[in-house]
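K.L.:
Quick one, fold the following:
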Amino acid sequence: MRLVLSFVLVWAISYAEPLARKKKSTTLIRIPENKIDYFCCGQRPLATGNGVLEVAQITDDVQEAIPHSHPSLCSIRFQDNPHEHLCSGALIKNLAGEYYIITAFACVVYGPQAYKAHCGVHNRSDLSEPQSAIARFHFVGQYRIFHPRDDCDIAIFKLYTDLPFNLYISAACLPNEDWYEGQIGLFVGWYNKTDISANLPKVHQFETRIRSRARCEQKYGNLFTRNTMCSSLPESGFNPCGYEYGAPLYTYREYGWTLTGIGYWIPDCTQPNRLVMYTDVFALRDWINQTINVS
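P.N.:
Sure thing, here's the model as predicted:
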């Protein structure tokens, strides 16, 4: 049975003077200050070994994910066209256990009333999946709207009615530790604008490696900023010029799967060795934690 939810848009790109970033290395950078541990997050019960064993079997080619093995992934669509997938978003929870959705700011340019999110979905073309839930975007109570800055692209939505917590719908964790060069991640989504989009109605994923800040800055110069990160892309089977706004980059920590990046741009999509740019979730963790726990 589908759930119809109302939630308020708490979107913002106003992050004044973020915490200075330490230089990336091949070891984890642990930040004990401002550390917040969120419980009941980052689990993928329908993936083999919570997805840890799965990573060893995934290549850098685009592959269909195990059905419903990314329970924090949601499909954002127009209110009046539920068949058209626009972009992705990821579920997180605050300390009170309330659900939020994080996506790219560019995904919701017409205002929240124009969209809804389908969570618990594997086949985006199948509106009858019984475990899915629909979340509608509405302003409820106080809200503020900020214009996006050049150095990040992020929007946060608060849900005022709980989504179910089950095998198909649950939250990703927020990072307490910085990413590092060479770290393996999973870039997940429907890739609805690829050159083989007719064959990708279902959730797909590929393995990617996070590049160093120096490498990203060398390649993209001023386009790469303090609140962004980048990683590798497949060289075949994927049209990088049709990338998906809001698609999550997940990495694994000892406690579960973490939302590490939010996909939003591939500047040189037609060139070989191109990289995908993400909003860096760790860089904005203080703002995110404050937004979801104070709003």
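K.L.:
pLDDT value on residue 176, please?
P.N.:
In this prediction, residue 176 carries a pLDDT score of 91.
K.L.:
Please apply the same query to the one 3 residues further on.
P.N.:
Predicted confidence (pLDDT) at residue 179: the value is 94.
K.L.:
is it true that it touches residue 229?
P.N.:
Yes: if you go by C-beta atoms under 8 Å, residue 179 and residue 229 touch, sitting 6.6 Å apart. Heads up, the C-betas are built off the backbone N, CA and C, glycines and all.
K.L.:
Overlap in contacts, the two.
P.N.:
Listed as contacting both residue 179 and residue 229 by C-beta atoms under 8 Å, 6 or more residues apart in numbering are 210, 260, 280.
K.L.:
The residue positioned nearest the centre of the chain bridge partners, please.
P.N.:
Centroid-nearest residue in the chain, with C-alpha atoms, centre = their mean: residue 248, separated by 2.6 Å. For residue 248, the beta-bridge partners under DSSP bridges are residue 262.
K.L.:
do you know how far it is from residue 83?
P.N.:
Remark: distance between residue 248 and residue 83 (C-beta to C-beta, to the nearest Å) = 22 Å.
K.L.:
and what of residue 132?
P.N.:
14 Å.
K.L.:
if you count what's nearby, which of those two comes out ahead?
P.N.:
residue 132 (22 against 9; other C-beta atoms under 10 Å).
K.L.:
Quick one: neighbours of the closest residue to the more buried one other than its chain neighbours, just the number.
P.N.:
Distances taken as C-beta to C-beta, 6 or more residues apart in numbering put residue 120 closest to residue 132, at 4.4 Å, once the chain neighbours are dropped. Residues lying near residue 120 (other C-beta under 10 Å) number 25.
K.L.:
for the chain, longest helix please?
P.N.:
helix 285-294 (DSSP state H).
K.L.:
now that one, how far from the centre of its chain.
P.N.:
16 Å (C-alpha atoms, centre = their mean, to the nearest Å).
K.L.:
That helix - contacts with which helices or strands?
P.N.:
strand 155-159 (3 or more C-beta pairs under 8 Å, 6 or more residues apart in numbering; DSSP states H and E).
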